[in-house]
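> Structure, please.
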Amino acid sequence: MILRDMTEADLDVILRIERAVHAYPWTRGNFSDALLSKYQCKVCENEGDLIGYAVLMLAVDEAELLDIAIDSRHQRHGWGRRLLEEMMLLARHHDMRRMVLEVRASNVAAISLYRKAGFADIGLRSDYYQAENGREDAILMGKGL
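Model (predicted):
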């Protein structure tokens, strides 16, 4: 696995993955804004193919994982876990003390991944996400680094 900085040239592939794996995906503008804001935007490559990405916002001593995804063709092979670990290492490198994230309450696979990585529930944001039948809760999770 190669982790490198995301560029505007990556956005077509990223948007294809984003739209395939998220019911309510980020837009090109969301990713462009993250790049302009100097967030830690990384892509994961395997054998020359972009298979995933993550966006991490650093603030004071806390890192917030804003988006992470692995192409559906490469899921369930440990890539998501490895990408998450790389983002935690990156946060530590920037002297962050904690990482937080929000996840849909219905996203059982992601919640399992985060819990296996040591994240714990630290809060609930009621009706946070847009959902097919209204709104869905977000579980706020955190982990000391």
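> ranges for the strands of this protein?
Remark: strands of the chain, listed N- to C-terminal, are 2-5, 40-46, 49-59, 62-70, 98-104, 120-131, 134-144; assignment by DSSP state E.
> any weak-confidence spans in this protein?
Judged against pLDDT under 70, the chain has no low-scoring part.
> Just read off the phi/psi values of D95.
When read as degrees, to the nearest 10, the backbone of D95 gives phi 60, psi 30.
> circling back: okay if I get the strands of the chain as JSON lines plus mean neighbour count and distance to L89?
C-betas here are computed from N, CA, C, even on glycine. What follows is the strands of the chain, written out as JSON lines (neighbours: other Cβ atoms under 10 Å; distance: least, Cβ to Cβ, whole Å):
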{"stretch": "strand 2-5", "mean neighbour count": "12", "distance to L89": "9"}
{"stretch": "strand 40-46", "mean neighbour count": "19", "distance to L89": "11"}
{"stretch": "strand 49-59", "mean neighbour count": "19", "distance to L89": "11"}
{"stretch": "strand 62-70", "mean neighbour count": "21", "distance to L89": "11"}
{"stretch": "strand 98-104", "mean neighbour count": "19", "distance to L89": "11"}
{"stretch": "strand 120-131", "mean neighbour count": "12", "distance to L89": "19"}
{"stretch": "strand 134-144", "mean neighbour count": "16", "distance to L89": "13"}
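> I17 is nearest to which of these?
Set against I17 and scored by Cβ to Cβ, the strands of the chain come closest in strand 62-70, at 5.5 Å.
> quick one on the thing from earlier: which one of the strands of the chain lies nearest to H22?
For H22, the closest of the strands of the chain is strand 62-70, at 6.8 Å, according to Cβ to Cβ.
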